[in-house]
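**Q** Sequence unavailable; structure follows:
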């Protein structure tokens, strides 16, 4: 895809988002999700057990029709703690029934105050003290239970795509929620990058970080889409940086460890994955840099967005890597009264919307 220099990054993003390539081809199936709160259920897997002692209190919370930030704000108000002292591992959907973990500063009367604030939309399921605050990305992943209603298409067609997803994995696109309604975050990124760098740094906060993240998420999606178009998003090309499944560990096949049949087998078995760039400032000594054909692909895409690249680099965002694909764990499905019931597990950083995007066109009911 090519950009039009007369468009702002936000306008470019809005026009390109719907064109990001599908691994299985654009679906001709459709379904409705989130018609009822119970149609979208998520249970966060923290991945570790709180120590039982320490200055932080970990809370296992159930929420309905509330965002993660809504809960964080309520916890802050109830226990009298600053927003920045409320910890959580990831954002969860508002319209659904979700459980997730939060941490608050330990206070002997905290649980009494929280119990008094419970209602149909908020409950504390359990608690334990811990020595550290829960931070973004510290969880293992999420278990999903979804009901897709008003399925347009045959059961066989849905199941065929699900079997393909299970066999080949899913493009690891950042979900649409990362970019805001109608890609509004990209419009705000454009405005941010027009500001003086020092002034924009002075107003750092969660919103500032979210906008920077949206910018490089968009660039990552562009690279991934280009590789799907070239049919090599899940095939090694010379110069690729590889990632180990479920980790942030990387390696680059080279003269001392060339690409061979063993690495090809590991790629086929989802033990390793090809990675794409999270743009920013490259630090000296960075060992995980593409070269050759892989670098040419990334450069071809990224150089179309010089304003985004320059903005990220000037604000000190450090380059990173991310897998180009994921395979859902424990994927199961069944039919009930014409509705499709899905269950699966996704590691942190993977989006259910990216899986559903490959399955069918998703319609959400009017709020």
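**A** All right, it came through fine. All figures in this text were calculated on a predicted structure; none of them were measured in a lab.
**Q** Which stretches in the protein count as helices?
**A** Using DSSP state H, the helices of the chain run over 9-17, 68-79, 110-116, 155-168, 184-194, 197-202, 206-229, 261-268, 292-302, 306-314, 352-359.
**Q** Redo these as CSV? Include mean pLDDT.
**A** CSV is the format used below for these (pLDDT from 0 to 100):
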stretch, mean pLDDT
helix 9-17, 50
helix 68-79, 94
helix 110-116, 92
helix 155-168, 97
helix 184-194, 86
helix 197-202, 58
helix 206-229, 92
helix 261-268, 97
helix 292-302, 97
helix 306-314, 93
helix 352-359, 96
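**Q** Select the longest strand from the protein.
**A** strand 141-152 (DSSP state E).
**Q** rewinding a little: mind checking which of the helices of the chain is nearest residue 326?
**A** Within these, the stretch nearest residue 326 is helix 352-359; the backing value is 8.0 Å (Cβ to Cβ). C-beta coordinates here come from the backbone N, C-alpha and C atoms, glycine included.
**Q** which helices and strands does that closest one pack with?
**A** Packing partners of helix 352-359 (3 or more Cβ pairs under 8 Å, 6 or more residues apart in numbering; DSSP states H and E): strand 141-152, helix 155-168, strand 170-171, strand 339-347.
**Q** hmm, who's touching the second one?
**A** What that stands for is helix 155-168. Helix 155-168 has contacts (Cβ atoms under 8 Å, 6 or more residues apart in numbering) with 23-24, 27-29, 151, 234, 327-328, 331, 333, 335, 340, 355, 358-360.
**Q** sorry, back to before: what's the longest strand of the chain packed up against?
**A** For strand 141-152, the packing partners by 3+ Cβ pairs under 8 Å, 6+ apart come out as strand 30-32, strand 40-45, strand 329-336, strand 339-347, helix 352-359.
**Q** Return the angle between stretch directions for the third one and strand 339-347.
**A** Angular relation of strand 329-336 and strand 339-347 on a 0 to 180 degree scale: 170 degrees, by axes from the mean of the first three to the mean of the last three Cα atoms, to 10 degrees.
**Q** doesn't residue 127 make contact with residue 61?
**A** No. Applying Cβ atoms under 8 Å as the test, residue 61 and residue 127 come out as separate, 9.5 Å apart.
**Q** Neighbour count: those two, which is higher?
**A** residue 61 (26 against 19; other Cβ atoms under 10 Å).
**Q** Start and end of stretch 321-330, how far apart?
**A** 26 Å (Cα to Cα, to the nearest Å).
**Q** starting at the chain centroid, how far to that stretch?
**A** In terms of Cα atoms, centre = their mean, to the nearest Å, the gap separating the centre of stretch 321-330 from the centre of its chain is 10 Å.
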